[in-house]
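> Below are the sequence and a predicted model for it; my questions follow.
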Amino acid sequence: QQQVKQSPQSLIVQKGGISIINCAYENTAFDYFPWYQQFPGKGPALLIAIRPDVSEKKEGRFTISFNKSAKQFSLHIMDSQPGDSATYFCAASRGNKAAGNKLTFGGGTRVLVKP
Amino acid sequence: DAGITQSPRHKVTETGTPVTLRCHQTENHRYMYWYRQDPGHGLRLIHYSYGVKDTDKGEVSDGYSVSRSKTEDFLLTLESATSSQTSVYFCAISERGGELFFGEGSRLTVL
């Protein structure tokens, strides 16, 4: 079963527009929710992350919104740029970091920003 | 960029042959992970390691084994490759169980 569900699978946005990607999780023990960005031929790289004690986190043009009661979180990319064209993955993990940060990933969203 | 090197970067093999992928790090991070990436499935954890000779299974470990005899090296072995193991394999490292840093991937095709 897929513990983290991500939508949409792909989206196209005009330059300057807003990209929104949504994720839903099932395991209430998850306590760390990162977003990773991946360019073709490269490995994923951490973009931004949030913990459930806050409802929103912003870093530059990227914002995570978190709704603990609904078990959902989303990534907003404001003023989208062609350089933001990439695949984005949400992920989640739970405590016990002594065993490492075992991330469970969503299926990914391919974002294309048209100039 | 985190010092992670995966080898080989590309490999084509035949069903039933053994395959070993290598992940080498220069960061001295404690934790190392192997993920596979398939369309629609995101990345799925195969095995991970929390120290030399300390490894455990992830969610898709069947058909894979790992070894970590040195801090810097984490090997992923497919004892008898199958077509369902055609995928892109990513190694990742982390320190104190925090942010994961990924390598550039190894593309494996099993014919």
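That came in fine, so what should we check first? All of these numbers come straight from a predicted model, not from anything done at the bench.

> neighbours around A:R94, how many?
A:R94: 15 surrounding residues under other Cβ atoms under 10 Å in any protein chain shown. From N, CA and C alone the C-beta is placed, and that goes for glycine too.

> From chain B, how far off is it?
11 Å (Cβ to the nearest Cβ, to the nearest Å).

> partner residues bridging that residue?
Using DSSP bridges, the bridge partners assigned to A:R94 are A:F30.

> Now that it has come up, it's in contact with A:T28, right?
No: using Cβ atoms under 8 Å, A:R94 makes no contact with A:T28, being 9.1 Å away.

> Can you pull the residues of chain A lying near chain B?
Counting by Cβ under 8 Å from any Cβ of the partner chain, chain A comes close to chain B at A:4, A:6, A:9, A:34, A:41-46, A:49, A:89, A:91, A:97-108.

> Return a ChimeraX selection command for the buried portion of the residues you listed.
The buried residues among these can be selected in ChimeraX (16 or more other Cβ atoms under 10 Å in any protein chain shown) with this line:
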select /A:4,6,34,43,44,45,49,89,91,97,100,101,102,103,104,105,106,107,108
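
> which residue packs closest to A:Y88, ignoring adjacent ones?
Spatially, and ignoring its direct neighbours in sequence, A:Y88 is nearest to A:T109 (5.0 Å; Cβ to Cβ, 6 or more residues apart in numbering or on different chains).

> The one you found: neighbour count?
Counted with other Cβ under 10 Å, A:T109 comes out at 23.

> shouldn't it be in contact with A:V13?
No: using Cβ under 8 Å, A:T109 is not in contact with A:V13; the gap is 11.3 Å.

> Tell me what the residue nearest the centre of chain B is bridged to.
With distances taken as Cα atoms, centre = their mean, B:W34 lies nearest the centre of chain B, 3.1 Å away. The partner list for B:W34 in beta bridges (DSSP bridges) reads B:H47, B:C91.

> Now stretch A:49-66 - C-alpha only, CSV.
Taking Å, rounded to 0.1, in the frame of the first residue of the first chain, the C-alpha atoms of stretch A:49-66 are listed here in CSV:
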residue,chain,number,x,y,z
ALA,A,49,10.9,20.4,5.0
ILE,A,50,8.3,20.8,7.8
ARG,A,51,7.5,19.2,11.1
PRO,A,52,3.9,18.9,12.3
ASP,A,53,4.2,21.5,15.1
VAL,A,54,3.8,24.3,12.4
SER,A,55,1.2,24.8,9.8
GLU,A,56,3.3,26.6,7.2
LYS,A,57,6.9,27.1,6.3
LYS,A,58,8.3,29.4,3.6
GLU,A,59,11.6,29.5,2.0
GLY,A,60,11.9,32.0,-0.8
ARG,A,61,9.3,31.2,-3.5
PHE,A,62,8.6,27.8,-1.9
THR,A,63,6.0,27.2,0.8
ILE,A,64,4.8,24.1,2.5
SER,A,65,1.3,24.1,4.0
PHE,A,66,0.6,21.4,6.5
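
> Average pLDDT for that stretch, rounded please.
Averaged over stretch A:49-66, pLDDT sits at 94.

> what bits of the chain have low per-residue confidence?
Answering for chain A, as no chain was given. For chain A, the stretches flagged by pLDDT under 70 are A:1-2, A:95-99.

> You answered for a different chain; I wanted chain B.
For chain B (pLDDT under 70), the answer is B:1-2.
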